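[1] Please find the sequence and the predicted model below.
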Amino acid sequence: MNTVVLIADSDPRKKIIGGIAVYTKYYLEYLIRNGTHVVFIGKKTQGPVINHFENVEFVETSRMPALFSSVFLIYLFHINRILNLPNDAIIQAQRADWIIPFKNRKNQKVVTLHGSHSKNVSLKKGFFLGKLYSFIEWCGLKTADSVISVSEDNISYYKTLYGSKITSKMKFIPPGIDLTHFENLDRKKARKKYGFKEDEQVVLFLGRFEKEKNPQMLLRAIKESNTTGFFVGSGQLEELLKNLSKELNANITFQKAIENEQVPEILACADVLGLTSLYEGFPMVLIEAMAAGVACISTDVGDVSKMIEEGVTGYIVDESTIVDKLKLILENPSKYRSNCISKARQFTWENNKRKYL
């Protein structure tokens, strides 16, 4: 039986927040279905076990939840020293720096890129730390035998950073979702649960309240469109968004970050999903929204143009067009439904099975 070691700063057995954690859970389920034995090295998280997996060995990096990324990396060096693996096991890290502790092992090593983390570090921590992490990331990419990028646009970006020596071992494989989670959604029941009227027009933001996600842009557009906003998530901008909502007298409902299992019912509340990020890789939330039959508007980042077909599944927007496009969808959101569901069918794990194997 093949063995794959998955490394991620999450725990798919518990509450899952964030695109990479969702991707890793779907990927773990896919590997199990294909008879793979998985060793999952992850970060300890709080809360009860709500998902159970067979043929998976879980290794927590520490007894403490919510470790900083730098501390998580240090713990991986410790895990590497005590981990017994067959030489034919494949080690797959969900970030480039997480493969470095396993550099001297003979095992084949794979890195999955979910956008550019060095760009994220630069935005949040400043130029110097961004450059430092970029060097660490480069070391990880050099260590890897193969690199999967969930975004084709991201490969072009890395070519400008590191040249073809790194990108020659990159392969673009878009993420997949399990469509069964989005079947038979009860819109009426979901809206009643979260306090929305059946005929109310609702624009959804679902994600982290962080600088790179730029949620303020969507909030202002919702106010200008005179419609209802539903902001689901958490992060450093939470208070800023709530204060901005009060200042503008916008009709916004805020909901704390949810478990992944609740995503379908949250999406069932929405007429439109808005993504106004400054940058992305391959944002899975768009595919999940389309699987639920929800039209999308998004800034032109990452591989968004591969998902959104203008006037068919939604619109690509900027500051000058977002309000008009939002109003256009809200005139008749149901007309996008079947197109969105058809588009989502292109992005399943089964469609990418041969590429992954």
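    Now that the structure is in, tell me what you want to look at. Numbers count the residues shown, from 1 in each chain.
[2] other SSEs contacting the helix ranked longest in the chain?
    If you go by DSSP state H, the chain has its longest helix at helix 127-143. In terms of contacts (3 or more CB pairs under 8 Å, 6 or more residues apart in numbering; DSSP states H and E), helix 127-143 is packed against strand 108-113, helix 117-125, helix 152-162, helix 164-167. Placement of C-beta: from N, CA and C, glycine included.
[3] C-terminal to that helix, what's the next element?
    As assigned by DSSP states H and E, the chain's next helix or strand after helix 127-143 is strand 146-149.
[4] coming back round to it: which one of the helices and strands packed on helix 127-143 has the poorest average confidence?
    Mean pLDDT values for these show the minimum at helix 117-125, a mean of 75.
[5] by contact count, what packs against that helix?
    helix 127-143.
[6] pLDDT (mean, whole number) over the helix it packs on?
    88.
[7] again, but for stretch 52-64
    85.
[8] Residues touching that stretch, excluding its own?
    11-13, 28-29, 32, 36-44, 67, 71-72, 75-76, 78-79, 83 (CB atoms under 8 Å, 6 or more residues apart in numbering).
[9] from the middle of its chain, how far away would it be?
    Distance of stretch 52-64 from its chain centroid, counting by CA atoms, centre = their mean, to the nearest Å, is 21 Å.
[10] Going by neighbour count, list what's buried in that stretch.
    53, 56, 60-61 (16 or more other CB atoms under 10 Å).
[11] Can you pick out the most distant pair from those residues?
    Using CB to CB, the pair of the buried residues of stretch 52-64 lying farthest apart is Phe53 and Thr61, separated by 18.2 Å.
[12] possible to save the buried residues of stretch 52-64 as a markdown table with secondary structure?
    Shown next, in a markdown table, are these (DSSP: H, G, I helix; E, B strand; the rest coil):
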| residue | secondary structure |
| --- | --- |
| Phe53 | coil |
| Val56 | strand |
| Glu60 | strand |
| Thr61 | coil |
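[13] Going by distance to Ser164, which of those residues wins?
    Checking the buried residues of stretch 52-64 one by one against Ser164 (CB to CB), the nearest turns out to be Thr61, at 34.1 Å.
[14] How about the secondary structure of the closest residue to that closest one other than its chain neighbours?
    Of all residues not flanking Thr61 in the chain, Tyr75 sits nearest, at 3.8 Å (CB to CB, 6 or more residues apart in numbering). Look at Tyr75: counting by three-state DSSP, its state is helix.
[15] Going forward, count from 37.
    In the new numbering, first residue 37, that becomes Tyr111.
[16] residue contacts, Trp385?
    62-63, 65-66, 212-214, 392.
[17] and if we set it to 6 Å?
    By CB atoms under 6 Å, 6 or more residues apart in numbering, Trp385 lies in contact with 66, 212.
[18] Report the separation between it and Glu297.
    18 Å (CB to CB, to the nearest Å).
[19] what residues go with each domain of the protein?
    39-209, 215-380 (automatic domain parsing).
[20] Kindly state the pLDDT recorded for the residue nearest to Thr97?
    91.
[21] Can you give me the neighbour number for it?
    18 (other CB atoms under 10 Å).
[22] Kindly report the same for the one 10 residues further on.
    Taking other CB under 10 Å as the neighbour definition, Leu121 ends up with a count of 16.
[23] Can you pull the phi/psi pair for it?
    Dihedral angles of Leu121 (phi, psi; degrees, to the nearest 10) stand at phi -140, psi 150.
[24] Many thanks, I have nothing further to ask.
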